[in-house]
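Visitor: please find the sequence and the predicted model below.
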Amino acid sequence: MAGWNRRELLAAMLAGPVAGAPAARSAPVVVAKCPSYKQDQVALMDAMFDKLGGLGSLVKNKTVTVKVNLTGSPALKFQGKALGVTHYTHPDQIAAFAHLCQRAGARRVRFVESAWATAGPLEDYMLDSGWNVRRMKAAASIAEFRNTNGLGQFAKYAKFKVPGGGSIFPSYTLNEAYAQTDVFVSMAKLKNHATCGVTLSMKNIFGITPASIYGDDAGEHEPNEKPEKGRVNVCHLGKRQPASIADPEKNRSSSREASERMPRITAELVAARPIDLAIVDGIETVTGGEGPWIRGLRYVNPGVMIAGLNPVCTDTVATAIMGYNPRDRRAGAFAKCENTLLLAEQMGLGSADLKAIEVRGTPISESMFSFAG
Amino acid sequence: MLLLLALTIPAAGWIPARWHSSDPKSLELVQQTPINALLLEKQHWSPDFAKAAAARAILTLGVITPADAKVSPETIAAAGHSALVLEDLSPEAAAAIRATLPALPIVEIGSRTRMRLDTEDPILATNQGLWAGINTVEDGAAKAAPSGGPWIDTNSGFLRFVRAVTSTPLWLGNRPPESAVIPPARYLQAVGDAAMVGARWIVTLDAAFEKNLLAGDETALRNWRAIGDHIAFYEQHPEWRSFQPYSQLALVQDTASGGLFSGGILDMISVKHTPVRAVPARRLEEKDAMAGATMAVNVDPEAMTADQKQTLRQFTRAGGTLLTAPPGWKFPAQREGQITLDKEDVEKLDQIWKEVNAMTGRRNLGARLFNVSTMLSSLSAGPGGSPLVLQMVNYSDYPVEDITVHVLGKFKKAHLLAPGAPAREVEVYDNEEGTGIDIATVATVAALVIE
């Protein structure tokens, strides 16, 4: 994946509006340098949220649902490193965010993930990831952990319609936790992605789809509440339809290419279940793919955190920090796939135009870390 | 005198290694470790070496292979060995040697399927040990997909079964392939893999390692001392070998139903980090054979005697859950020399594995371990159920960090033991399953003693 340099970045930020770019919402994005997780994550995030207007105004008396990134089996580590320093959300950030939410007066903070190939308790999955759940709970008594890969504690699923009708699915049927949400937060990792070029706060949301319905072993009609497989055949490849309690694809003769489907599905999901706060952790991470099952992965330490109130804007800034042109089509990070940022922008979800995005804190040019090559 | 040495060191205390030197000076290297039983092939037989070894309380065991089967009793006697190892000999050849040297302790080493589990020899042994470790694909990378962790090659399931059949000290080993260079960590893993279930790995160095060691190479010496430290770690706790498995899950099987395989159901359960105890079908008629078990898997119901079936009926009547292989299902037959399952065998096993998996789920049947995908463990209890000892082996090249253990039952304290390190008390806390314990790091082997 070819990248761009600081000079090109500067040109993109100073040039006139992008021709043909739809006028989309914009929101400020804050960037902060942080060389290590050993640094106080509470202080780091607190300072970042202050630059976005403060966490209190967002979460006070609210139910906050936080989608973390626990992609792939926790059994798969890269070079023996802790999952949080390679391809998972870092546990210290979970604890820090829970603590800050509690301090800001949130009613409840519920960490969610559709854990790989299981509908078992998320606490078990987190322990398998090497996370100290006790410490997290001690950091905030209002913290809960829910595996949304199936029905879980709820009696029913919730249907989320895609505004405008969607292009792949007209709606998504999800765990009720996503409906019982006042503030939806995506805590993602700064990474490349084999299918979508980059995986940031928006792509992280693909993990809200339950394998019970969208999994390879989902029932034909009823959800499989004991899923043991991933979600490749329904979403990535379109080889089968979801369990029929969910809406089927709109057009079964459309592309079956994952590189065309997954960016669209990602954008649709963000439209259907909007993100109120996007957090992208690039302190330590990997380049070359989203997890250890991708060949050519490399551990890196970009030492950067990014957060914003609009996921498209946040991911646009994050993509630029990774050394890619966020507006590339079939080039750069998006050489082999559709550009999720532009698809989301076209859906009116936010601006993917760096000129339209106010960056607070550390400038992009001082935060860049090349993920290309 | 040399035979006397064999008689004064009980066989349970023989700690074996193959040794390819007859230079008495090399015994200084042996003395840096707890190893005290050297297996010497015929070209290394030497009465002077044997005497020098005996002076250091080291046994020498003369190895007789089929190529040496016609060696004369006089030659054997002249070598001054403390015992003999008959390796891969036919029963007839072994019997002939036994007849000529009735006073000398004999150890027979051969294939797993030829092991005589009712032997009266001092040691039960096989040379069909797997090299324990993470299974890799052709290019050397660990088998990986988003779906799961690495598969671990282990002897532990096989050893659990054999140890449940007999209390005779158990050895296993394997010669490094010719020209192979075994990574140092693999030796440590092999030692731990056997020792955590009460057996001993016959240390056999690859040619390059041994050559460097005998030449005094610093790296080889360091690696040799690490092997010694790991052996010593287990030898400092001989009582652990007599502890009983601490698990509510019993796997009923025997030699004809997978007990001698590696990669069978015992190992599949272990890889899920579910404690399991092997119950040989032949032991079912004994009192308390199923004591403490709440779940059981009967792999070969059709091979059972009426009394054995009655024991399992009583188990279910008392509230136990019994999973039985479907009618007509037979465990894949084990060929002579076969130690792991063929692909077709694994597919066949999958029929009952899914049922086992569904039955056990992630229930706590003794202990649940978290973040241990590159580890295997063995949980056992001392007399009266205390202390518990959780022995752990990490098969990866990297330390495992941030492990959590949930143990059934309420316990008040725990200590973490590791080679070359003082015992360290670790915090215990109550949780819904009983007791929780967090472990910061395990390098290659460690044990948690819980009271």
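Guide: Structure received.

Visitor: ok, and the closest non-adjacent residue to residue 24?
Guide: Picked chain A for this. Leaving aside its sequence neighbours, residue A:24 sits nearest to residue A:351 (CB to CB, 6 or more residues apart in numbering or on different chains; 4.2 Å). The way it works is simple: take the backbone N, C-alpha and C, and place the C-beta from them, glycine included.

Visitor: my question was about chain B, not that one.
Guide: In space, residue B:24 is closest to residue B:52, 3.8 Å off (CB to CB, 6+ apart).

Visitor: tell me how many other residues crowd residue 334.
Guide: Just so you know, I chose chain A. By other CB atoms under 10 Å in any protein chain shown, 25 other residues sit near residue A:334.

Visitor: to clarify, I was referring to chain B.
Guide: 21.

Visitor: thinking again about what came up before, the residue nearest to residue A:24 against residue A:28, yeah?
Guide: No: applying CB atoms under 8 Å, one finds residue A:351 not in contact with residue A:28, separated by 11.4 Å.

Visitor: quick check: neighbours shared by the two?
Guide: A:313, A:357 (CB atoms under 8 Å, 6 or more residues apart in numbering or on different chains).

Visitor: of the two, give the one with the bigger neighbour count.
Guide: Between residue A:351 and residue A:28, counting by other CB under 10 Å, residue A:351 is the more crowded of the two (25 against 19).

Visitor: secondary structure element for that one, which one?
Guide: Using DSSP states H and E, residue A:351 is not contained in any helix or strand.

Visitor: same question, residue B:441
Guide: strand B:434-442.

Visitor: what mean pLDDT does that strand have?
Guide: The pLDDT scores in strand B:434-442 average 97.

Visitor: start and end of stretch B:366-373, how far apart?
Guide: When the termini of stretch B:366-373 are compared using CA to CA, to the nearest Å, they are 18 Å apart.

Visitor: got the contact list for residue A:198?
Guide: A:191-192, A:315, A:318-319, A:322, A:324, A:333, A:340, A:371.

Visitor: swap in 10 Å and give it another go.
Guide: A:1, A:188, A:190-192, A:280, A:290, A:315, A:318-319, A:322, A:324, A:326, A:332-334, A:337, A:339-341, A:371 (CB atoms under 10 Å, 6 or more residues apart in numbering or on different chains).

Visitor: next one: residue B:231
Guide: So residue B:231 contacts B:15, B:17, B:33-35, B:187-188, B:191-192, B:195, B:200-201, B:203, B:419 (CB under 10 Å, 6+ apart).

Visitor: hang on, residue A:270 packs against residue A:345?
Guide: No: counting by CB atoms under 10 Å, residue A:270 stays clear of residue A:345, with 11.2 Å between them.

Visitor: identify the contacts common to the two.
Guide: residue A:312.

Visitor: near chain A at all, stretch B:256-264?
Guide: No: against chain A, stretch B:256-264 shows no contacts by CB under 10 Å from any CB of the partner chain, the least distance being 17.6 Å.

Visitor: so which of the contacts of residue B:231 are in strands?
Guide: B:17, B:200-201 (DSSP state E).

Visitor: sort out which one of the residues you listed lies nearest residue A:208 for me.
Guide: Of all the ones in strands among the contacts of residue B:231, residue B:201 has the smallest distance to residue A:208: 48.2 Å, by CB to CB.

Visitor: from chain A, how far out is that closest one?
Guide: Look at residue B:201 and chain A: by CB to the nearest CB, to the nearest Å, they are 24 Å apart.

Visitor: one more: residue B:385?
Guide: 25 Å.

Visitor: separation between the closest residue to that residue other than its chain neighbours and chain A?
Guide: Using CB to CB, 6+ apart and skipping the chain neighbours, the partner closest in space to residue B:385 is residue B:246 (7.7 Å). Distance, residue B:246 to chain A, by CB to the nearest CB: 20 Å.

Visitor: residue B:246 against residue B:275, yeah?
Guide: Yes: Residue B:246 is in contact with residue B:275 according to CB under 10 Å; the separation is 6.2 Å.

Visitor: returning to that earlier point: now check the strand holding residue B:441, is it near chain A?
Guide: Yes: using CB under 10 Å from any CB, strand B:434-442 reaches chain A at B:436, B:438.

Visitor: buried stuff in that strand?
Guide: Across strand B:434-442, burial judged by 16 or more other CB atoms under 10 Å in any protein chain shown covers B:434-439, B:442.

Visitor: between strand B:434-442 and the following helix or strand past it, find me the angle.
Guide: Proceeding C-terminally, strand B:434-442 gives way to strand B:445-450 as the next helix or strand, assigned by DSSP H and E. For strand B:445-450 against strand B:434-442, the angle by axes from the mean of the first three to the mean of the last three CA atoms, to 10 degrees is 150 degrees.

Visitor: now strand B:445-450, how far from the centre of its chain.
Guide: The chain centroid and the centroid of strand B:445-450 are separated by 17 Å under CA atoms, centre = their mean, to the nearest Å.

Visitor: ok, stretch A:112-124 next?
Guide: 17 Å.

Visitor: again with stretch B:403-423
Guide: 22 Å.

Visitor: quick check: end-to-end length of that stretch?
Guide: Note: stretch B:403-423 ends 17 Å apart using CA to CA.

Visitor: quick check: buried residues in it?
Guide: Under 16+ other CB under 10 Å, the buried positions of stretch B:403-423 are B:403-409, B:411, B:414, B:416-419.

Visitor: now that stretch: mean pLDDT?
Guide: 96.
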